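Visitor: Here is a sequence with its predicted model. Questions after.
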Amino acid sequence: MPYDYKPFPYIAPPGLTGPEPRHAVAIIGAGPIGLALAIDLATKGVSNVVLDDNNVVSVGSRAICWAKRTLEIFDRLGVGERMLAKGVTWQVGRLFYGADEVYAFDLLPEDGHKYPAFINLQQYYVEEYLIDRARDFPDLIDLRFKNAVTDHQDRGDHVALMVETPDGSYQLEAQYCVACDGAGSPTRKRMGLAFEGQTFDEHFLIADVEMDDSPFGTDTPERWFWFEPPFHNGQSALLHRQPDNIYRIDLQLGPETDPKSEATEEKVIPRIRAMVGDRPFRLDWMSVYKFRCAKLDQFVHGRMIFAGDSAHVVSPFGARGGNGGIQDVDNLGWKLARVVQGQSDASLLDSYDQERRHCCDENILNSSRATNFMTPKSPIEALFRQEVLRLAHDMPFARRLINSGRLSMPGSLAGLPLQTANTAPIRPGTAIMDAPLANHVWLLDAVQGRFVLTGFGNVALPDIDGIDRIGIEQAAQNYPVYDAIDNLALDRYGADIAYLFRPDGHVAAAFFDPTPQAVAKAYARACGKIDGDV
Amino acid sequence: MQNDNLGVEGDGIYAALMAAHQGLTEAESHALNARLVLIMANEIGDGQKLKTIFSTAGQYAET
Ligand SMILES: Cc1cc2nc3c(=O)[nH]c(=O)nc-3n(C[C@H](O)[C@H](O)[C@H](O)COP(=O)(O)OP(=O)(O)OC[C@H]3O[C@@H](n4cnc5c(N)ncnc54)[C@H](O)[C@@H]3O)c2cc1C
């Protein structure tokens, strides 16, 4: 069954009839990033208004692969379990060179994590579930469809937005505005900000087809990737399974292609037929893309903040676009909440810019390398790739060099100013590593969403204002204490050590001896008071 | 030859190798490859090892 795109109702906003009270945060764009940010802020009690020029979820399945870290963030936002239940968890990947299988890998995840390495789930479901979740906060999230932002003004102590609706235009004010208006960001263009990087000449056909009969010949969902596939005279092909018996097909079309004529059923159907044989299928969606990697030089400009595709775009190999954007939200949500609630100076937002640009560089580097491997620019590059593929059958080193995308990993913030360096087993800056606790609690559930000092094993935790405490494998305390399952939590974090987690689940600091002074100092630093003047 | 000595550095090394070839004609690339092999052979510096490498690589010649 094709996805049912139900339009969301347009409701005439109050601003059309009289001035609205100033909002705390205005979010431009109800894509996955804008919606996730709205929910994140709401969970911290920060009210916000979300303005979207459209009134349906993403048409066509753009993003399909959602990485473990994204699911963990979605879990914190209250939608992770629903996504996991609907999504396809795949495990086996096969890589082919021509008709021959070069190798297969099993992503069998390490035990003791709530979420798998990743799932496939169409972007329209992700947005639908986020919108459903946003509706759980009617007093905090004001979702406005068919409200296009046409202009804005940063007035120093607030931002004014001009908004156009089917009933005419109005103006609203907000303390901060986050532009989550996508790769073509009208906000970015209006501000005349440079958005530079590498554009790839190659065209890719992306199609979703519905098929009852699995092309993998087994019920287990797999991921198949071909270099120089026998059924297609291009450089590469990809086959991935999504929920509802929908398969994602990527076919590389080469640089000299007319994207318009390629994105037609008469061209596409025979290409898919060549791939899936006689199996009956229905073409669900198709599009021809050229990809690029680009980013803004700065994600924070006064009271205007960029997150998601408006701030950075990558080619999709490695699934770092949406997954990178959700990590932007994770990083920005708590900082923006602290600033609008008066707990931190606006300078805390500079750390969002610094930390996420650092991770964005890593995403761009990985996506560019994968795209370069897939699109050799010269005969010599093609020759090297060919020989890597031929050696890979027998030689592990060559297998590792084959690059059809390096999957999105949580960005590490190690070495950046908010973290307090330490030699602990989990280095400060690292994103939380999950572990099972007794009574069906996961470390994720116990830690994410606020500052938490977590004691693993025998270590005394000081009581510091602003920080929650939990203990793992500790005697009863005047704070929650959990047993670890199979000792995994202590295996991963070490014994008799305390970690200070940030609200986004990153380790801010670790302590073998958590004195009140040391913890308070690290906490102040994590909140942007870098000199530690507590 | 069952060891992967490049590990996580692999992608970066591959990218650097492609960068070394960027803008060269095919003949120039050919010459660069010859120099690379010679310099790497000297760095490996173990005759027995090198002979094994040469014969292993030779087995993969296009037939
Ligand atoms: C073929 C393809 C495959 C991909 N695969 C993956 C994948 O597997 N995994 C992954 O993580 N990522 C993937 N991506 C990337 C992913 O789709 C994007 O990173 C993601 O959609 C970015 O979300 P966003 O909310 O920043 O922007 P968008 O989803 O583009 O949303 C922007 C929103 O802003 C609204 N808007 C724009 N202008 C205005 C305005 N003036 N006023 C009000 N609203 C406005 C738009 O209507 C839209 O709703 C893929 C992308 C493509 C194209």
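Guide: Good, I have the coordinates.
Visitor: Name the residues of chain B found near chain A, please.
Guide: Contacts of chain B with chain A, taken as Cβ under 8 Å from any Cβ of the partner chain, map to B:1-7, B:10-12, B:14-15, B:17-18, B:21-22, B:24, B:26, B:29, B:60. (Glycine included, C-beta is placed from N, CA and C.)
Visitor: List buried residues within those residues.
Guide: Neighbour counting by 16 or more other Cβ atoms under 10 Å in any protein chain shown classes B:6, B:10, B:11, B:14, B:15, B:17, B:18, B:21, B:29 among those as buried.
Visitor: Helices - which of those land there?
Guide: B:10, B:11, B:14, B:15, B:17, B:18, B:21, B:29 (DSSP state H).
Visitor: mind listing what the first one touches?
Guide: Yep, that's residue B:10 we're talking about. Going by Cβ atoms under 8 Å, 6 or more residues apart in numbering or on different chains, residue B:10 touches A:397, A:400, A:401, B:4.
Visitor: separation between the second one and the ligand?
Guide: When distance is defined by Cβ to the nearest ligand atom, to the nearest Å, residue A:400 is 22 Å away from the ligand.
Visitor: Could you do the first one as well?
Guide: As judged by Cβ to the nearest ligand atom, residue A:397 and the ligand stand 28 Å apart.
Visitor: Apart from its neighbours in sequence, what residue is nearest that residue?
Guide: Distances taken as Cβ to Cβ, 6 or more residues apart in numbering or on different chains place residue B:4 nearest to residue A:397, at 4.2 Å, with adjacent residues excluded.
Visitor: ditto for residue A:291
Guide: Using Cβ to Cβ, 6+ apart, the nearest residue to residue A:291 is residue A:315, at 3.6 Å.
Visitor: Quick check, that neighbour in contact with residue A:369.
Guide: No: Residue A:315 lies out of contact with residue A:369 (Cβ atoms under 8 Å); the separation is 10.1 Å.
Visitor: Give the residue from those two that has the larger number of neighbours.
Guide: residue A:315 (27 against 20; other Cβ atoms under 10 Å in any protein chain shown).
Visitor: How far away from the center of its chain is stretch A:307-324?
Guide: Stretch A:307-324 sits 8 Å away from the centroid of its parent chain (Cα atoms, centre = their mean, to the nearest Å).
Visitor: List the buried residues of that stretch.
Guide: So stretch A:307-324, judged by 16+ other Cβ under 10 Å, has buried residues A:307-324.
Visitor: These in strands, which ones?
Guide: A:312, A:313 (DSSP state E).
Visitor: What about the ligand: which of the buried residues of stretch A:307-324 touch it?
Guide: A:308, A:309, A:316, A:319, A:321, A:322, A:323 (Cβ under 6 Å from any ligand atom).
Visitor: nearest residue to the last one other than its sequence neighbours?
Guide: When you say that, I think you mean residue A:323. Among residues not flanking residue A:323 along the chain, residue A:408 sits closest, at 3.9 Å (Cβ to Cβ, 6+ apart).
Visitor: can you tell me which residues contact the residue positioned nearest the centre of chain A?
Guide: By Cα atoms, centre = their mean, chain A has its centre lying nearest to residue A:323, at 2.0 Å. For residue A:323, the contact set (Cβ under 8 Å, 6+ apart) comprises A:65, A:66, A:67, A:69, A:70, A:408.
Visitor: which residues does the closest residue to the ligand within chain B contact?
Guide: Taking Cβ to the nearest ligand atom as the measure, the point where chain B comes nearest the ligand is residue B:11, at 19.5 Å. Neighbouring residues of residue B:11 by Cβ under 8 Å, 6+ apart: A:366, A:369, A:401, A:403, A:406.
Visitor: hang on, the second one packs against residue B:15?
Guide: Yes: between residue A:369 and residue B:15 a contact is recorded at 5.4 Å, counting by Cβ under 8 Å.
Visitor: Could you give the number of residues near residue A:351?
Guide: 22.
Visitor: Check whether it really touches residue A:416, as I assumed.
Guide: Yes: in this structure, residue A:351 is within contact of residue A:416 by Cβ under 8 Å, at 7.5 Å.
Visitor: Quick one: residues contacting the residue nearest the centre of chain B.
Guide: Ranked by distance to the mean C-alpha position of chain B (Cα atoms, centre = their mean), the top residue is residue B:37 at 5.7 Å. If a contact means Cβ under 8 Å, 6+ apart, then residue B:37 has no contacts.
Visitor: All the strands of the stretch 401-534 of chain A, residue numbers only.
Guide: Ranges of strands in the stretch 401-534 of chain A, per DSSP state E, counting those that start in this stretch, are A:436-437, A:441-442, A:452-456, A:468-472, A:481-482, A:497-501, A:507-511.
Visitor: Looking at the ones you listed, spot the one closest to the ligand.
Guide: Across the strands of the stretch 401-534 of chain A, closest to the ligand is strand A:441-442 (Cβ to the nearest ligand atom), at 22.8 Å.
Visitor: tell me which parts of chain A are close to the ligand?
Guide: So chain A meets the ligand at A:28-34, A:51-54, A:58, A:62-65, A:123, A:148-149, A:180-183, A:186, A:206, A:289, A:308-309, A:316, A:319, A:321-323, A:325 (Cβ under 6 Å from any ligand atom).
Visitor: Grab the nearest non-local neighbour of residue A:62.
Guide: Spatial nearest neighbour of residue A:62, chain neighbours left out: residue A:123 (4.8 Å); criterion: Cβ to Cβ, 6+ apart.
Visitor: what residues are up against the one you found?
Guide: A:32, A:57, A:58, A:61, A:62, A:63, A:64, A:322.
Visitor: now swap in residue B:2 and tell me
Guide: Contacts of residue B:2 (Cβ under 8 Å, 6+ apart): A:395, A:396.
Visitor: again, only using 7 Å
Guide: residue A:396 (Cβ atoms under 7 Å, 6 or more residues apart in numbering or on different chains).
Visitor: Next: residue A:5.
Guide: Contacts for residue A:5 (Cβ under 7 Å, 6+ apart) come out as A:56, A:57, A:59.
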